[in-house]
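A.B. asks: please find the sequence and the predicted model below.
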Amino acid sequence: MNLIQMTDVGKSYGPVRALHGISLGVAAGEVTCVLGDNGAGKSTLIKIMSGLHPHTEGQLLVDGEELVFSSPREALDRGIATVYQDLAVVPLMEVWRNFFLGAELRSGRYPLAGLRIREMRRIAEEELRKMGIAVHDINQPIGTLSGGQRQSVAIARAVYFGARVLILDEPTAALGVKQSGVVLKYTAAARDAGLGVVFITHNPHHAYLVGDHFVVLKRGRMHLDSRRDAITLNDLTQEMAGGDELDALAHELRREDPA
Ligand SMILES: Nc1ncnc2c1ncn2[C@@H]1O[C@H](COP(=O)(O)OP(=O)(O)OP(=O)(O)O)[C@@H](O)[C@H]1O
Ligand SMILES: [Mg+2]
């Protein structure tokens, strides 16, 4: 059974129909890539899965049970964790504190409880090591890490706190080649840990490196839905770039022959 199954899901914002006719499954131990141009509906799709905006059409099943999330908390309680592109980290706080942000270990009862600092440091260090993430010092401010490392810490955190579905919203969009590689590596590590990963991207090359399953959105609809073994990188790139549109553009941009 798929962790998440969408059938004919749609979403309208008032008169704007941002998404319609989306049927999509997220399976454990697989990476589902959602591709599409600006405004195609990628963020809307993950907002439905992560409980930020409820869908207005169709069915959303989680572990086979039909649900309409009314808050991100509800999605999180079902093990659906989302790492947003603009990570909600506190740059001056240590790596381990960010790792536990909002879920700190305490001894005794709130409000007099003390933080179990040593234990949190140890666990954060251990969890990052398990994922193969090299951070010099668990006490360094998270703002001193590279973008790729910060994304990776967020992935390790979701895994540690028991996520079963991990949604990554354009995790490589702002990164260079090397840092993107780092993030792709941890995306694969989360997959190998058995999570169902939803990977949002503009970049067919990144998608093809980690994806088992590709969905291309265009103007709110599913334009393509293919398993990896049924599509080549070339075809995926062509689908994404809108091959015909590019040909037309190339024609338009051609220099006039000098007379
Ligand atoms: N809160 C909202 N209210 C009204 N319309 C919205 C809202 N959010 C998104 N839309 C519209 O829904 C459509 C899909 O937007 P969405 O943000 O899902 O696209 P996207 O694929 O994530 O694009 P990008 O790559 O630019 O992030 C767009 O036409 C957008 O204008
Ligand atoms: Mg978006």
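C.D. replies: Thanks, I have the structure now. Ligands and ions are numbered 1, 2, ... in the order given.
A.B. asks: so which strand or helix has whichever residue of the chain sits closest to ligand 2?
C.D. replies: Residue of the chain nearest ligand 2, by CB to the ion: S43 (3.1 Å). From N, CA and C alone the C-beta is placed, and that goes for glycine too. Applying DSSP states H and E as the criterion places S43 in helix 42-49.
A.B. asks: does that helix reach ligand 1?
C.D. replies: Yes. Counting by CB under 6 Å from any ligand atom, ligand 1 has neighbours in helix 42-49: 42-44.
A.B. asks: for stretch 227-241, same thing?
C.D. replies: No. Contact between stretch 227-241 and ligand 1 is absent, the nearest approach being 11.9 Å (criterion: CB under 6 Å from any ligand atom).
A.B. asks: that older thread, make a markdown table out of the residues of helix 42-49 next to ligand 1 and add neighbour count and pLDDT.
C.D. replies: What follows is the residues of helix 42-49 next to ligand 1, written out as a markdown table (neighbours: other CB atoms under 10 Å; pLDDT from 0 to 100):
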| residue | neighbour count | pLDDT |
| --- | --- | --- |
| K42 | 23 | 93 |
| S43 | 20 | 90 |
| T44 | 23 | 93 |
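A.B. asks: let me know the closest of these to D8.
C.D. replies: Of all these, D8 sits closest to T44, with 15.0 Å by CB to CB.
A.B. asks: once you drop chain neighbours, what's closest to the closest one?
C.D. replies: Excluding the flanking residues, the one nearest T44 by CB to CB, 6 or more residues apart in numbering is A18, at 4.5 Å.
A.B. asks: mind checking the SS state of that neighbour?
C.D. replies: strand (DSSP: H, G, I helix; E, B strand; the rest coil).
A.B. asks: one more: the one 4 residues further on?
C.D. replies: Under three-state DSSP, I22 falls in the strand class.
A.B. asks: shouldn't it be in contact with D8?
C.D. replies: Yes. Counting by CB atoms under 8 Å, D8 is a contact partner of I22 at 7.2 Å.
A.B. asks: what do those two both touch?
C.D. replies: Common neighbours of I22 and D8, using CB atoms under 8 Å, 6 or more residues apart in numbering, are G58.
A.B. asks: please identify which of those two sits among more neighbours.
C.D. replies: Applying other CB atoms under 10 Å to I22 and D8 shows that I22 carries more neighbours, namely 26 against 12.
A.B. asks: spit out the contact partners of that one.
C.D. replies: Going by CB under 8 Å, 6+ apart, I22 touches 6, 8-10, 45, 58, 217, 221-222.
A.B. asks: now with 6 Å?
C.D. replies: Applying CB atoms under 6 Å, 6 or more residues apart in numbering to I22 gives the contacts 6, 9, 222.
A.B. asks: for ligand 1, see how far away the first one is.
C.D. replies: For M6, the distance to ligand 1 equals 15 Å [CB to the nearest ligand atom, to the nearest Å].
A.B. asks: likewise V9?
C.D. replies: To ligand 1, V9 is 13 Å away according to CB to the nearest ligand atom.
A.B. asks: swap in W96?
C.D. replies: 32 Å.
A.B. asks: was I right to think that residue contacts M120?
C.D. replies: Yes. Shown here, W96 and M120 form a contact pair, counting by CB atoms under 6 Å, at 5.4 Å.
A.B. asks: more neighbours: the two, which one.
C.D. replies: When neighbours are counted by other CB under 10 Å, W96 and M120 differ, and W96 comes out ahead with 26 against 20.
A.B. asks: from R122, how far off is the more buried one?
C.D. replies: Look at W96 and R122: by CB to CB, to the nearest Å, they are 9 Å apart.
A.B. asks: ditto for V135
C.D. replies: According to CB to CB, V135 stands 14 Å off from R122.
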